[in-house]
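Student: Provided below are the primary sequence and the corresponding predicted coordinates.
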There are 2 protein chains.
Amino acid sequence: MSEFYLVRVHVTLKKGVMDPQGEAVKQGLLTLGYQGVKEVRVGKYLEVALEAPDEEEARRQVEEMCRRLLANPVLEDFSVDIHAAQRHQEEHENTSAYSI
Amino acid sequence: MSEFYLVRVHVTLKKGVMDPQGEAVKQGLLTLGYQGVKEVRVGKYLEVALEAPDEEEARRQVEEMCRRLLANPVLEDFSVDIHAAQRHQEEHENTSAYSI
C-alpha cells in the first residue's frame, strides 16, 4: 500500500559559487537602510507531494529527482526532508491538497 | 555590542495561488517517470547574514525586509528562522564568511 509524503527540498549554491541574485538583494536591502546586512545567498525551496511505498523509497526518488532535474550538481547542493502527509479533500482546484 | 546572525527565510506562495513554475516542474518529473508525484510548489529560500544588537532586533529587521522587499505579501507567505552565527576569516572573496 502506498503512503503520501510531503518532501521539503532546499537547493543552494555551493560555497564559492558567485551569487549575483543574492548580491542584488543585498544591495537592495542596503539601499533601503538595512546597514547590518553582510551577505545574502538565494536558493530554491520546493515542496513535493509524493505517493510512494515507504519513506525510504520516497527519499530515494526525491534525491534522484534532485540530481536529474531539480538541482545542478555542479553548482548546487540540495537537502531533502521527508514528512508523512495526509491527503485532504480538495476544496478548490488550486488549493494544496497535502499537508504534514 | 553587535552580534552576527544567520537568518533563514522561506518565501512560499499562499494556498490557492496558482504556481505555474511548480506545475512545470511536476510535468517534468512525470515525464521523467516519477508517477508518484502529485503536486509541486516552488518557493524561495534566502540566507541573510546580519549584524544586529540582539536576536529580537534581528528578527524585527528581517520580518520588515520580507514585507518591504523579499516577499510579496499579497501573494506570498514568509517564515524567518534566526541562528546565532560566527564570522569566519574569509579565505576567498566569494566564499560565504558566515555559518551557524
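Tutor: Done, it's in.

Student: hmm, what's the outermost residue in chain A?
Tutor: Distance from the C-alpha centroid of chain A, by C-alpha atoms, centre = their mean, peaks at residue A:33 (29.4 Å).

Student: Reduced to three states, what does that one come out as?
Tutor: Look at residue A:33: counting by DSSP: H, G, I helix; E, B strand; the rest coil, its state is coil.

Student: Now do the contacts for the nearest residue to residue A:28 once chain neighbours are set aside.
Tutor: Nearest residue to residue A:28, sequence neighbours excluded (C-beta to C-beta, 6 or more residues apart in numbering or on different chains): residue B:69, at 5.6 Å. (C-beta placed from N, C-alpha, C; glycine too.) The contact partners of residue B:69, by C-beta atoms under 8 Å, 6 or more residues apart in numbering or on different chains, come to A:25, A:28, A:29, A:32.

Student: which residues does the last one contact?
Tutor: The contact partners of residue A:32, taken as C-beta under 8 Å, 6+ apart, are B:65, B:68, B:69.

Student: okay, those residues in TSV with secondary structure and distance to residue B:84 next?
Tutor: Formatted as TSV, these follow (DSSP: H, G, I helix; E, B strand; the rest coil; distance: C-beta to C-beta, whole Å):
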residue	secondary structure	distance to residue B:84
B:65	helix	19
B:68	helix	24
B:69	helix	24
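
Student: re earlier: narrow the contacts of residue B:69 to those in strands?
Tutor: Among the contacts of residue B:69, no member is found in strands (DSSP state E).

Student: so of those residues, which ones are in helices?
Tutor: Residues of the contacts of residue B:69 located in helices (DSSP state H): A:25, A:28, A:29.

Student: Who does the residue nearest in space to the middle of chain A form a beta bridge with?
Tutor: The centroid of chain A falls nearest to residue A:45 when counting by C-alpha atoms, centre = their mean (2.6 Å). For residue A:45, the beta-bridge partners are residue A:10, residue B:43 (DSSP bridges).

Student: Surely it touches residue A:7?
Tutor: No. Judged on C-beta atoms under 8 Å, residue A:45 makes no contact with residue A:7 at a distance of 11.5 Å.

Student: Quick check, pLDDT for the residue nearest to the centre of chain A.
Tutor: With respect to pLDDT, residue A:45 has a value of 98.

Student: can you check residue A:24 too?
Tutor: Residue A:24 is given a pLDDT of 98.

Student: repeat for the one 10 residues further on
Tutor: At residue A:34 the predicted local confidence, pLDDT, stands at 98.

Student: Mind picking out the helix or strand in chain A with the poorest mean pLDDT?
Tutor: When the helices and strands of chain A are scored by mean pLDDT, DSSP states H and E, strand A:98-99 comes last with a mean of 64.

Student: before we move on, the earlier item: emit the PyMOL select command for whichever of the contacts of residue B:69 are buried.
Tutor: Of the contacts of residue B:69, the buried ones can be selected in PyMOL as follows, counting by 16 or more other C-beta atoms under 10 Å in any protein chain shown:
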select buried, chain A and resi 25+28+29
